[in-house]
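Undergrad: Give me a 3D structure for the following:
(chains A and B)
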Amino acid sequence: MDAPPTQQETLRYIRAKVDQLLSVIGTQPLRPEELDDQTLISLDPIGIVADSFRLVNSHLNTTIEQLQIAQNEIRTIFDTVGAAIVVLDLQDRIEDCNRRACDWLFNGQPRETVIGKTALELCPCAASLHDIRSRADGVPQTTTMDGREVQVVATRILNDAGQPAKTVMLFSDITEQKKTEHNLRLYAEVFGQVAEGILITDADQHIIEINEAVTRITGYAREELLGHSPGMFGSGLHEASFYEALWRSVDEHGYWQGEISDRRKDGAVIPLLQSISAAHNADGQLTHYIAVMTDISSIKEAQTRLDFLAHHDLLTELPNRLLFNDRLCHAIERASREKQPLALLFIDLDRFKNINDSLGHHIGDLLLIEAAQRLRKLVRRADTVSRLGGDEFVVLMETSVTHVTAVNLAEKIVAAFQRPFLVNDQELHIGCSIGITLFPDDGADAMTLMKNADVAMYRAKEAGRNGYMRYSGEHSAAMRLKLELDNALRTAVGKQAFELHYQPIIDIRNRRVTACEALIRWPSGPATARTPDLFIPAAEETRLILPLGRWIIREALRKQRSWREQGLSLDYVSVNISMVQITQADFAGQIIDLLAETGTVGTDLQIELTENVLMADTEHCARVLSHLREHGIRVAIDDFGTGYSSLSYLKQLPIDNLKIDRSFVRDIPGDQNDCAIAAAVIGLARTLGLDAIAEGIETIEQQDYLASIGCDKVQGYLHARPMPAPEFESFVIRYPESDDPL
Amino acid sequence: MTQTIDIDIRGQICPSCLLLTLKELNRNAAAIRSGAVKVAVLTDDRQATATIPAAAERMGFLVEVQHDAAGYRIDISGNA
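TA: Here you go, the predicted model:
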């Protein structure tokens, strides 16, 4: 058993434990010379240090508690952050990861399972991320994982010694962000490139953004617009109420759309189709106004042009029938109210169709333009000149109208149209016929006034063209007759209700029938117009002469061929040709086609033209006749001596035959003048090497005289009248016995 | 109003300085933590400027050491 410690031993033990505690607390041991034993006990250093340790301990507990909270906080943040975070050691083993990483990268495995495994074991994508992991430079890299865009940031964590200890990898799915970026880029592109101007203001209507199109449309640079109000585009053309209604619509419905005229920087007014929308934030507060503007200048111009075209004649730019009728109706309304007269001048160009047919539509069109200009210069501003179509024009006189003023204007127009027109360096001679009606005397409504002016115009034409005629009630009856004739002719041409009669041409020296002239007959024609001199002009005017003329030539050639086959050897059959026929562009071609169709040759045919036809357009006739001559077709001048008798064309034109008009034959041999003329014509023919045929021979004296002066070919009742084909055939067969001169 | 307890231990050296300061801190710990009391230690022992702050900080107090001609002044306060 040990002895109890002495006081000395106890004090030594206390000092040793005090020094041990002081050492723990980080200070020097007690020095005995500094603290005697008595003071040591009273100072109670063990008590002091114990108390201090209690405080240290309490502080540690508080700190641990706070750290625990902080750690929980950090773990919560770590787990709830949108990105996946993985902490790796230097061997790529997983030290920690957040919940998102477990779900997304590690197939939903719990954190406890994945810790300690290598990244490669857990995630197939780890291999492709090796570079990023080993570099760990904290620079965001974009990669693709499972078809999604992912941003990866790898950062190295160093230990206290500054050596790499861990790698933290942060994965953010930026697919949506990329999509948004892409969309934003797309929107920016659309915003910049779209043809419509887009202008955005704040709620106080200060411009905060515009696209390129706005600068193009308004002419202002971007810097000149930003911060300003769109009010700077105001044109001053709209009333204040217009803008009030606009903003009321934006305020009430959030939207306005309409046409607005703004002013460009250079002062020009631009028509815009504009929409203005109010934009609000999530709280429903107005934040912006968005204006979209389309420059509709070109649409407006096109609209104006279309409007013009709808109401004007394209060629002459005169009001067309539509606009004219409208003006006429308005004028009638006003004139009825004010008890004022109106006048209509219905103008039709004379011989225009011939020009169109012979020189082509191009020249015809130029002539119409020229005619329109002449008309426009003659009328007053208040009058309307319109082209109704074709070669028809009409003038509406609205002020100071009397019969005299209307007639004065008509006279001026007729005179103006008698002056030659210079078109493409060619002098063209036309002329016009005008029908005049006055409101209310000649018609109480637009339709009657126009119809009666048309009737009067036809009367002017019938009266010899180049003139005017005021409408009179009698015109209507004449017009009705004429219309009836036109209709009957049209039906007859369709049904081929015509016949040809043939009159022999006799060679009195050789006593043989050398040829015949084919003459048209219309047995079923109206009593008033059964003879050719009555119905041919109507056929010419309606141009029915064209199908009728073709029928005549075809029929005559067919007969000529059948006669030849029967042994009736006639040199040719002669056919009369009208001006309307020869002015067709392809007249010669038609004849040549008919020869082929009927199995005849050019020498089987002679065409007869009057001097007037040849004179109207000598150049054109020369071309056509030369073409016909190349195919052997003969050309005769009919009624020679009654027309212009300009001898110069006899030299220019390929002519074979002169037919001396019956008016010179009738009074020979008694009338010396006629005898002289007949002798001169026959002499002329002989000199030029042409045949001469005397028409209308009725007496043996006439024939003897003609024979005595060298004309041995005759045609007339002395020998035979025109006969139907069978009668003509037997006449020829029995000739000369059949010939029984009176 | 914060009350300051001055402890003038000039002329003494460690570990006495530390023990005297700890004794004062133990006695007033609750008041110092609440911010009602601050302790200002005046010392001329350089070693005390290391031992006193180290011990006081482990107890969870804020410590500030100032040096002037008279020696060192160590202010100890609660961290609230």
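Undergrad: so how far is the longest helix seen in chain B off the chain centroid?
TA: Ranked by number of residues, the top helix in chain B under DSSP state H is helix B:16-34. Distance of helix B:16-34 from its chain centroid, counting by Cα atoms, centre = their mean, to the nearest Å, is 7 Å.
Undergrad: Surely residue A:560 touches residue A:600?
TA: Yes. At 5.8 Å, residue A:560 counts as touching residue A:600 under the criterion of Cβ atoms under 8 Å. Where you see a C-beta, it was placed from the backbone N, CA and C, and this is true even at glycine.
Undergrad: What number of neighbouring residues does residue A:591 come out with?
TA: 23 (other Cβ atoms under 10 Å in any protein chain shown).
Undergrad: quick one: contacts of the helix or strand where it lies?
TA: Assigning secondary structure by DSSP states H and E places residue A:591 in helix A:587-598. Contacts with helix A:587-598, where a contact means Cβ atoms under 8 Å, 6 or more residues apart in numbering or on different chains, come from A:550, A:553-554, A:557-558, A:560-561, A:581, A:584, A:601-602, A:604-605, A:607, A:624, A:627-628, A:631, A:633.
Undergrad: mind redoing it with 7 Å?
TA: A:550, A:553-554, A:557-558, A:561, A:581, A:601-602, A:624, A:627-628, A:631, A:633 (Cβ atoms under 7 Å, 6 or more residues apart in numbering or on different chains).
Undergrad: What of stretch A:339-350?
TA: By Cβ under 7 Å, 6+ apart, stretch A:339-350 touches A:331-332, A:335, A:371, A:391-398, A:401-402, A:406, A:409-410, A:413, A:430-439, A:449-450, A:453-454, A:457, A:461, A:465-466.
Undergrad: wait, doesn't residue A:119 sit right on residue A:126?
TA: Yes. If you go by Cβ atoms under 7 Å, residue A:119 and residue A:126 touch, sitting 4.0 Å apart.
Undergrad: Compare those two (neighbour count), which wins?
TA: Shown here are residue A:119 and residue A:126; by other Cβ under 10 Å, residue A:119 has more neighbours (24 against 18).
Undergrad: What's the local residue count around whichever residue of chain B sits closest to chain A?
TA: Closest to chain A within chain B is residue B:60: 3.2 Å, counting by Cβ to the nearest Cβ. Counted with other Cβ under 10 Å, the neighbours of residue B:60 add up to 19.
Undergrad: gap between the one helix or strand residue A:494 maps to and the chain center?
TA: Taking DSSP H and E as the criterion, residue A:494 maps to helix A:474-495. Distance of helix A:474-495 from its chain centroid, counting by Cα atoms, centre = their mean, is 42 Å.
Undergrad: Kindly report the same for stretch A:562-580.
TA: Per Cα atoms, centre = their mean, the centroid offset for stretch A:562-580 relative to its chain is 54 Å.
Undergrad: pLDDT averaged over that stretch - what is it?
TA: Stretch A:562-580 shows a mean pLDDT of 92.
Undergrad: Kindly report the same for stretch A:277-286.
TA: 93.
Undergrad: now what about that stretch, what contacts it?
TA: A:203, A:250, A:254, A:255, A:287, A:288, A:289, A:290.
Undergrad: Of residue A:560 and residue A:600, give the one with the bigger neighbour count.
TA: residue A:560 (25 against 20).
Undergrad: would you say the more buried one is within a strand?
TA: No. Counting by DSSP: H, G, I helix; E, B strand; the rest coil, residue A:560 falls outside a strand, being helix.
Undergrad: can you pull the buried residues of stretch A:113-126?
TA: For stretch A:113-126, the neighbour count (16 or more other Cβ atoms under 10 Å in any protein chain shown) marks A:114, A:119, A:122, A:123, A:125, A:126 as buried.
Undergrad: cool, stretch A:490-499 as well?
TA: Buried, per 16+ other Cβ under 10 Å, within stretch A:490-499: A:492, A:493, A:498.
Undergrad: now stretch B:71-80
TA: Neighbour count says stretch B:71-80 has B:71, B:72, B:73, B:74, B:75, B:76, B:77, B:78 buried, by 16+ other Cβ under 10 Å.
Undergrad: What of stretch A:361-378?
TA: Residues of stretch A:361-378 classed as buried: A:363, A:364, A:366, A:367, A:368, A:370, A:371, A:372, A:374, A:375, A:378 (neighbour count, 16+ other Cβ under 10 Å).
Undergrad: from the residues you listed, which single one is nearest chain B?
TA: Closest to chain B, out of all of the buried residues of stretch A:361-378 and judged by Cβ to the nearest Cβ, is residue A:372, at 107.0 Å.
Undergrad: what sits against that closest one?
TA: A:316, A:318, A:387.
Undergrad: rerun at 10 Å
TA: Going by Cβ atoms under 10 Å, 6 or more residues apart in numbering or on different chains, residue A:372 touches A:313, A:315, A:316, A:317, A:318, A:385, A:386, A:387, A:393.
Undergrad: Any chance of a PyMOL selection covering the buried ones in these?
TA: This is how PyMOL selects the buried members of those, with burial counted by 16+ other Cβ under 10 Å:
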select buried, chain A and resi 313+316+318+385+386+387+393
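Undergrad: related to what we said a few turns ago, can you pick out the most distant pair from the buried residues of stretch B:71-80?
TA: Farthest pair in the buried residues of stretch B:71-80 (Cβ to Cβ) is B:71 and B:78. Separation: 24.4 Å.
Undergrad: from the chain's centre, how far out does stretch A:663-671 sit?
TA: Distance, centroid of stretch A:663-671 to centroid of chain: 68 Å (Cα atoms, centre = their mean).
Undergrad: Need the residues that contact that stretch.
TA: Contacts of stretch A:663-671 (Cβ under 10 Å, 6+ apart): A:639-642, A:660, A:673-681, A:694-699, A:701-706, A:708-709, A:711, A:714-716.
Undergrad: State whether residue A:694 is indeed within a helix.
TA: No. Read with three-state DSSP, residue A:694 is strand and lies in no helix.
Undergrad: Report the contact partners of it.
TA: Residue A:694 neighbours (Cβ under 10 Å, 6+ apart): A:505, A:508, A:658-662, A:664-665, A:668, A:678, A:681-682, A:702-703, A:705-707, A:711-716.
Undergrad: nearest spatial neighbour of the residue of chain B closest to chain A, skipping sequence neighbours?
TA: residue A:59 (3.2 Å; Cβ to Cβ, 6 or more residues apart in numbering or on different chains).
Undergrad: That neighbour: what's it in contact with?
TA: Residue A:59 neighbours (Cβ under 10 Å, 6+ apart): B:29, B:33, B:57, B:58, B:59, B:60, B:61, B:79.
Undergrad: Recalculate using a threshold of 7 Å.
TA: Residues near residue A:59 by Cβ under 7 Å, 6+ apart: B:58, B:59, B:60.
Undergrad: could those residues go into TSV alongside distance to residue A:588 and pLDDT?
TA: Below are the contacts of residue A:59 laid out as TSV (distance: Cβ to Cβ, whole Å; pLDDT from 0 to 100):
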residue	distance to residue A:588	pLDDT
B:58	133	89
B:59	135	90
B:60	130	90
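Undergrad: Among those, which lie within helices?
TA: Short answer: the contacts of residue A:59 in helices (DSSP H) are residue B:58.
Undergrad: coming back round to it: now do the helix or strand hosting the residue nearest to residue B:60 against helix B:16-34, angle only.
TA: Residue A:59 belongs to helix A:45-80 when assigned by DSSP H and E. With axes from the mean of the first three to the mean of the last three Cα atoms, to 10 degrees applied, the angle from helix A:45-80 to helix B:16-34 works out at 50 degrees.
Undergrad: Following element in sequence after helix A:45-80, please.
TA: strand A:84-89.
Undergrad: And that next one, what's buried?
TA: A:84, A:85, A:86, A:87, A:88.
Undergrad: now swap in stretch B:55-67 and tell me
TA: Under 16+ other Cβ under 10 Å, the buried positions of stretch B:55-67 are B:55, B:56, B:58, B:59, B:60, B:61, B:63, B:65.
Undergrad: avg pLDDT for the helix or strand hosting residue A:186?
TA: In this structure, residue A:186 sits in helix A:175-193 according to DSSP H and E. Taken as a whole, helix A:175-193 has an average pLDDT of 91.
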